[in-house]
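Engineer: Take a look and give me a structure for this.
(one chain, ligands or ions: 2)
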Amino acid sequence: MIPVDEALARTLALAPAPIPEEVLLAEANGRVLLAPVAARLTQPPFDAASMDGYALRSADLPGPLTVVGEAAAGREWDGEIAPGQAVRIFTGAPVPDGCDRVVMQENVTREGERIAVTDASGGSNIRPRGNDFSEGSVIDAGRRLGPAELALIAAMNVPRVTVARRPVVAILPGGDELVPPGTNPGAGQIINSNDIAIAAIAAAAGALPRILPITRDTAESLRAGLEAAADADIIVTIGGASVGDHDLIAPVTEAMGMERAFWKLAMRPGKPLVVGRLGNALMLGLPGNPISAMVSALLFLRPLIERMQGLPGTQRLHHATLGCDLPPEGPRQHYLRARLNEGAAGDRGLPVITPDDNQDSASLSVMAAAGALLVRPAHDPARRAGEVMDYLSLRDWT
Ligand SMILES: Nc1nc2c(c(=O)[nH]1)N[C@H]1C(S)=C(S)[C@@H](COP(=O)(O)OP(=O)(O)OC[C@H]3O[C@@H](n4cnc5c(N)ncnc54)[C@H](O)[C@@H]3O)O[C@H]1N2
Ligand code: MOO
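Structural biologist: Numbers count the residues shown, from 1 in each chain. Ligands and ions are numbered 1, 2, ... in the order given. As a prediction, this is how the structure comes out:
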């Protein structure tokens, strides 16, 4: 069994280079930028008022002054004021030449065209030209676009962006015992619940998941399922990854010519994970136990999808203070379902993390209640409450 870090390195080494595609900005949320974006203009393009009020010369304060015109957003006043003059101005309007200050209207009294400033304290209330960005300013490639980046690129007057194509992930649940949610399970049958979770993890990482029909525990059925998935970028099977007589992933994929990167790793849960290349696709054979499948997907599928979009695909470890004593760890790196208490500030203000007593790799209720996976390296010595430990958040699945 290889260690988790080596297994992840071998998985990421399989990732093909990201494939660029151009999309409208309106379709780019959540996508990863593959080509840098350069601003086509300077923002703001002119010195702009940041308050509704009067534009004037500081030297003339406190007045009285004469209002000689009006400037609004989209309607500039293109004169130049003389000493003793002011221009009525609204937020976003270009500040007329000669003015070095906008006094907000609450600090001004006005009679006819005459104003006097009652309070001249405060700043200039002028946003200087280029205060936000200048023409040619660059947003680097390699970051995922969210609302703030989209607005910035739009303001830069760039309507289309080059992003990574979303990898297509075919998901193949397998097992004679599985029936879909909403059906009446017969004797020995259980509800297929894994595919939906794996699809959600894949989608959150930026992929396009496609759930395929449940395959049966025969080599023919599994082979047909794998063939139906062959044009995906990544094929993810669920179940049958272990060594039982009905666990067909290893023998069938081997017979189909899979180049294995590894099978089995020192990880708990998730030991039987198999990863490799099958035809033109990459393949991850996840273990069937629901928590094993989800943890394997978080640790391997998510980084692989990220790497295929040009992101690093590294795990985002956080720190927390342990809420209880723990016995020494076994030979596999352990990802324990744990509750995170952000309110109870532990050492250095870190949240307090406490693993659940039930670490069964089939217990979905524990997983759903957990906010975190506490990470314990293989052979980690006994730990005392109060020690600082690593964890993966289950809140930011992306
Ligand atoms: N002799 C050994 N037995 C097992 C070993 C081992 O090393 N030697 N490893 C164990 C570990 S660790 C795991 S994890 C499991 C994984 O087994 P498989 O990948 O072969 O999974 P299955 O046997 O097909 O299923 C396990 C369990 O999960 C349920 N399941 C499967 N698919 C779904 C689904 N889509 N939705 C909901 N539940 C699903 C299935 O009914 C089983 O209960 O092997 C151990 N055994
Ligand atoms: O590792 Mo299995 O993944 O214990 O449940």
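Engineer: so how many other residues sit close to the residue of the stretch 51-200 of the chain found nearest ligand 2?
Structural biologist: Closest to ligand 2 within the stretch 51-200 of the chain is residue 194: 12.5 Å, counting by CB to the nearest ligand atom. For every residue, glycine as well, the C-beta is placed using N, CA and C. Residue 194 has 27 neighbours, counted by other CB atoms under 10 Å.
Engineer: Residue 217 too?
Structural biologist: Residue 217: 18 neighbours (other CB under 10 Å).
Engineer: Was I right to think it contacts residue 245?
Structural biologist: No. Under the criterion of CB atoms under 8 Å, residue 217 makes no contact with residue 245, lying 9.2 Å away.
Engineer: hmm, back to that, so the residue of the stretch 51-200 of the chain closest to ligand 2 versus residue 85, what's the distance?
Structural biologist: 74 Å (CB to CB, to the nearest Å).
Engineer: now residue 240
Structural biologist: Note on residue 240: its distance to residue 85, by CB to CB, is 83 Å.
Engineer: So for the two, which residue has more residues nearby?
Structural biologist: The neighbour comparison of residue 240 against residue 85 (other CB under 10 Å) goes to residue 240, with 26 against 21.
Engineer: near ligand 1, anything from the longest strand along the chain?
Structural biologist: Taking DSSP state E as the criterion, the chain has its longest strand at strand 333-341. No. Using CB under 6 Å from any ligand atom, strand 333-341 stays clear of ligand 1, coming no nearer than 12.1 Å.
Engineer: Okay, helices next: where are they in this structure?
Structural biologist: Assignment of helices within the chain using DSSP state H yields the ranges 4-13, 147-155, 194-204, 219-228, 249-255, 290-296, 302-307, 364-369.
Engineer: how about stretch 36-48: buried residues?
Structural biologist: By 16 or more other CB atoms under 10 Å, the buried positions in stretch 36-48 come out as 37, 39, 41-44, 47-48.
Engineer: Backbone torsions only: list them for the closest residue to ligand 1 within the chain.
Structural biologist: Residue nearest to ligand 1 within the chain: residue 288 (2.5 Å; CB to the nearest ligand atom). Main-chain dihedrals, residue 288, degrees, to the nearest 10: phi -80, psi -30.
Engineer: can you tell me which residues contact it?
Structural biologist: 174-175, 194, 238-242 (CB atoms under 8 Å, 6 or more residues apart in numbering).
Engineer: Taking these, tell me the two that lie furthest apart.
Structural biologist: Maximum pairwise distance among these (CB to CB): 14.5 Å, between 194 and 242.
Engineer: Would you mark the buried spots in the longest strand of the chain?
Structural biologist: Under 16+ other CB under 10 Å, the buried positions of strand 333-341 are 333-340.
Engineer: And the residue of the stretch 51-200 of the chain closest to ligand 2, how far from residue 258?
Structural biologist: Taking CB to CB, one finds residue 194 at 21 Å from residue 258.
Engineer: Could you do residue 17 as well?
Structural biologist: 22 Å.
Engineer: So between these two, which is more surrounded?
Structural biologist: Neighbour totals were compared for residue 17 and residue 258, and residue 258 leads with 23 against 10 (other CB under 10 Å).
Engineer: from memory the more buried one sits against residue 283, does it?
Structural biologist: Yes. Using CB under 8 Å, residue 258 is in contact with residue 283, at 6.3 Å.
Engineer: I'd like to know how far the residue of the chain closest to ligand 1 sits from residue 191.
Structural biologist: Residue 288 is 13 Å from residue 191, by CB to CB.
Engineer: And residue 130, by the same measure?
Structural biologist: For residue 130 relative to residue 191 (CB to CB), the value is 59 Å.
Engineer: Which one of the two is surrounded by more residues?
Structural biologist: residue 130 (16 against 13).
Engineer: The more buried one is in contact with residue 42, isn't it?
Structural biologist: Yes. Counting by CB under 8 Å, residue 42 is a contact partner of residue 130 at 4.8 Å.
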